[in-house]
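> Please find the sequence and the predicted model below.
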Amino acid sequence: MATIRLTVAQALIRFLKNQYVRFDGEETRFFKGCFGIFGHGNVAGIGQALQEYPDFTYYQSRNEQAMVHTAIAYAKTANRRQAFACTTSIGPGAMNMVTAAQTATINRIPVLLLPGDIFARREPDPVLQQVEYENTQDMSANDCFRPVSKFWDRINRAEQLMPSLLAAMRVLTSPADTGAVTLAMPQDVQAEAYDYPEEFFDKRVWDIPRNRPDSALVEKAASWIKSAKRPVIVAGGGVKYSEAESVLEAFAEKTGIPIGETFAGKGSVPYDKPYCLGGLGATGTKGAIEMAGEADLIIGVGTRYSDFTSASNSLFQNPDVRFLNINVKELDSYKRGALPLTGDAKITLEELAGHLKDYQVEEAYREEAARKSKEWDDEVSRIYDTANGAEEPIDQASVIGTLNAFMDKKDIMVCAAGSLPGDLHKLWRSSDPKNFHLEYGNSCMGYEIAGGVGVKMAEPDREVYVMVGDGSYWMLNHEIISSIQEGNKVNILVLDNSGYASIGALSESVGSARFGTKYRYREDGELKGECLPVDIAKNAESLGARVIRANSADDLKKALAEAKSSDRTTVIYIKTNLLRTVKGYHAWWEVPVAEVSTMEDVQQARETYVENKKRQKYHF
């Protein structure tokens, strides 16, 4: 057997650059490249290997969490057919990736994390940034990645790299099990040499299967649908990853079953279809909430039923409701005591449709869904038209409506956290599956700008518009620099309301009067003075972005046109109203309220909380 002598890091990169995936007959190189920030722990190992193999592109970042966010957004936009590796030094560099690892795993998005680690030989222990433990020598800070990774391993010997990489690739390319994969890389092992079999580095193609559900269960599912009077489909992110949008659209068109969308599933069908009810759940539309509440059959397609989707298990109120779940992941297909169709969404919908050739919902039910869809579209128009867009500060809804109307069908809007996601879930009119990119599995503040860069890398011919509040902006704004360095132009709308609007509203709902959520000077011992004199526009300009200030909807229209014509990342700075956001539509999200308090507002909030708890249901 022919061998080649390589360092562990060189073998790692040589293997990664020869990994491919095949989906529906189309073959794609799996790794786009590697993000990295170098320090002791990876500069002499993986850093040297990346320099030695320039055809495996190295990308520079400014923050370890941010680079993983960029990798996540890229993989999500690529429907998980491509991914990035991310390398860091040991200690704080590695720890900065843990939050983003959780984001990837919660959202089922592939990313390979390669944190540097302490010496496997232990000769120089304790090294700089090493955490010491009294009861073991076999643990480091990298063990923090274990609970937020779908696969975790530590490469303590050179030959361990081979089986570990094969196991890692199985998880990364699995439709059901993908997420963050962490290979902890001790810094001495990275630089050690070993005689690796040459065949290990041959081109390897990983087939991504379209798993089929059990045929008997498909027949049973069809009988459930035929007997249902008020079925509703919940479209989740799995619809998009399966590329099942057209099949779902045809299924709904034929059967007349209305569709509500999760955050990840929004855009699965065009917003103007008569069976599209829009966002579903705690931040959903009025029609979606009402029809889901009365449904006798919920058909979940590619959803994991987060508490926002289920309104903390208070949404599905029909006492006779049953659940039928289509999901590639067995864990999700069995949720809520459902009839589980464990398989690929596109294939399963096609097979199910074959058993429903003559089935349609009753015409009155189809008309009800169409009426609610139209009523909601009229409500969106009303909100957009009445939201304050002329006076300073303008309303957030006005900004959303102006951007929504301006963007081309194929453009992409990116958001993640704050009060924006709830408003966007209700109001955004999606006309393309990729048009609405929202990270809400982890709702990770700081994802937005880094995520926008990843989206642009995956779709360089589309305009990308990032919507970010001032709270998220201050957490991770420096990926503006990375976007400029690589020529990945994004348009960033910063909505500045001098505080945490979402948590402020939540604080009010639990009786705490927005305590600690406004950016204010301290006065009389509390943060209640004047707004802080920070200037986001100047900050963005200092990072290299072109900056345009917009004070009204008309200003914003002009700014968007200027930004689109620019070839450089542009920040549009908008001062918005902190207190005026879009109301909810009688759905609930559980956040516990203090059981005892001397504060009257908290006492009243507790009473409301107890009443809402009565609506929660277990589904078996």
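In hand now; what should we look at?

> Which residue, neighbours along the chain excluded, lies closest to Val131?
Ala141 (5.1 Å; Cβ to Cβ, 6 or more residues apart in numbering). All C-beta spots, glycine's among them, are computed from the backbone N, C-alpha and C.

> Can you tell me the number of residues neighbouring the one you found?
Ala141 has 19 neighbours, counted by other Cβ atoms under 10 Å.

> Enumerate every residue touching it.
Ile90, Gly91, Ala94, Met95, Gln129, Gln130, Val131 (Cβ atoms under 8 Å, 6 or more residues apart in numbering).

> how close does it sit to Val218?
Using Cβ to Cβ, to the nearest Å, Ala141 is found at 47 Å from Val218.

> now Ala387
On the measure of Cβ to Cβ, Ala387 and Val218 end up 46 Å apart.

> the more surrounded of those two?
Ala387 (23 against 19).

> Could you chop this structure up by domain?
The chain breaks down into these domains under automatic domain parsing: 3-207, 215-374, 396-575, 590-620.

> chain center to the second one, what's the gap?
Taking the mean of its C-alpha atoms, domain 215-374 sits 21 Å from the chain's own mean (Cα atoms, centre = their mean, to the nearest Å).

> Quote the end-to-end distance of that domain.
37 Å (Cα to Cα, to the nearest Å).

> just for this protein, where's the confidence low?
In the prediction, the chain carries no residues with pLDDT under 70.

> any idea which residue sits dead centre in it?
Centrality entry for the chain: nearest residue to the mean C-alpha point is Glu439, 2.6 Å, by Cα atoms, centre = their mean.

> Which residue ranges of the stretch 251-400 of the chain form helices?
286-294, 330-333, 345-354, 363-386, 396-406 (DSSP state H, counting those that start in this stretch).

> closest to Asp24 out of those helices?
helix 345-354 (9.4 Å; Cβ to Cβ).

> what comes up buried for the closest one?
Ala345, Lys346, Ile347, Thr348, Leu349, Glu350, Glu351, Leu352, Ala353 (16 or more other Cβ atoms under 10 Å).

> Out of those, flag the one nearest to Glu249.
Leu349 (10.1 Å).

> The nearest residue to Glu375 once chain neighbours are set aside and Pro258: what is the separation?
Spatial nearest neighbour of Glu375, excluding adjacent residues (Cβ to Cβ, 6+ apart): Gly287 at 6.4 Å. Separation of Gly287 from Pro258 (Cβ to Cβ): 8 Å.

> For these two, list the residues in contact with both.
Common neighbours of Gly287 and Pro258 (Cβ under 8 Å, 6+ apart) are Leu277, Ala369, Lys372, Ser373.

> In this structure the residue nearest to the centre of the chain contacts Asn107, no?
Yes - if you go by Cβ atoms under 8 Å, Glu439 and Asn107 touch, sitting 6.7 Å apart.

> hey, what's in contact with both of those two?
Common neighbours of Glu439 and Asn107 (Cβ under 8 Å, 6+ apart) are Ile72, Lys76.

> so Gln10 touches Gly47, yeah?
No - in this structure, Gln10 is not within contact of Gly47 by Cβ under 8 Å, at 11.3 Å.

> show me the contacts for the nearest residue to the residue nearest to the centre of the chain once chain neighbours are set aside.
In this structure, Glu439 finds its nearest non-sequential neighbour in Ala416, 4.3 Å apart by Cβ to Cβ, 6+ apart. When contacts are counted by Cβ under 8 Å, 6+ apart, Ala416 touches Leu438, Glu439, Tyr440, Ser443, Cys444, Met445, Gly446, Tyr447, Glu448, Gly451, Val468, Ser472.

> And the residue nearest to the centre of the chain, how far from Asp296?
Distance from Glu439 to Asp296, by Cβ to Cβ: 33 Å.

> ok, back up a step: using TSV, please lay out the domains of the chain together with distance to Thr581.
Listed next are those as TSV, based on distance: least, Cβ to Cβ, whole Å:
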stretch	distance to Thr581
domain 3-207	24
domain 215-374	11
domain 396-575	5
domain 590-620	17
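
> residues touching Leu277, list them.
Contacts of Leu277 by Cβ under 8 Å, 6+ apart are 232, 258-261, 285, 287-288, 291, 369, 372-373, 376.

> Which of those sits closest to Asp117?
Glu261 (41.6 Å).

> From Phe323, how far off is the residue lying closest to the closest one once chain neighbours are set aside?
Among residues not flanking Glu261 along the chain, Ala235 sits closest, at 4.9 Å (Cβ to Cβ, 6+ apart). As for Ala235, its distance to Phe323 is 15 Å (criterion: Cβ to Cβ).

> Which one's more surrounded, those two?
Neighbour totals were compared for Ala235 and Phe323, and Ala235 leads with 30 against 23 (other Cβ under 10 Å).

> OK, contacts around that one?
Applying Cβ under 8 Å, 6+ apart, the residues contacting Ala235 are Leu248, Ile259, Gly260, Glu261, Thr262, Gly265, Ser268, Val269, Val301, Gly302, Thr303.

> just Val571 next, same as before
Ile480, Ile492, Leu493, Val494, Ala537, Ala540, Glu541, Ala545, Arg546, Val547, Ile548.

> cool, Ala594 as well?
Counted by Cβ under 8 Å, 6+ apart, Ala594 has contacts Val510, Gly511, Val602, Arg606.

> right, and the first one touches Gln603 too?
No - here Val510 does not reach Gln603: they are 11.1 Å apart, not a contact under Cβ under 8 Å.

> Quick check: Phe200 vs Asp188, distance?
Taken as Cβ to Cβ, the span from Phe200 to Asp188 is 22 Å.

> Check Gly279 too.
Distance from Gly279 to Asp188, by Cβ to Cβ: 51 Å.

> Comparing these two, which residue is more hemmed in?
Gly279 (30 against 21).

> I'd guessed that one sits against Ser268; true?
No - here Gly279 does not reach Ser268: they are 11.5 Å apart, not a contact under Cβ under 8 Å.

> Which neighbours do these two have in common?
Glu261.

> from the contacts of Val571, which would you call buried?
Ile480, Ile492, Leu493, Val494, Ala537, Ala540, Ala545, Arg546, Val547, Ile548.

> Make sure the second one is indeed in a helix.
No - residue assignment for Ile492, taken from DSSP: H, G, I helix; E, B strand; the rest coil, gives strand, which places it outside any helix.

> residue ranges for the helices of the stretch 101-250 of the chain, please.
Counting by DSSP H, counting those that start in this stretch, the helices of the stretch 101-250 of the chain are 161-172, 187-191, 215-227, 237-241, 245-255.

> what about Gly71, distance to Met97?
No, residue 71 isn't Gly; it's Ala. 10 Å.

> overlap in contacts of the two?
Cys86.
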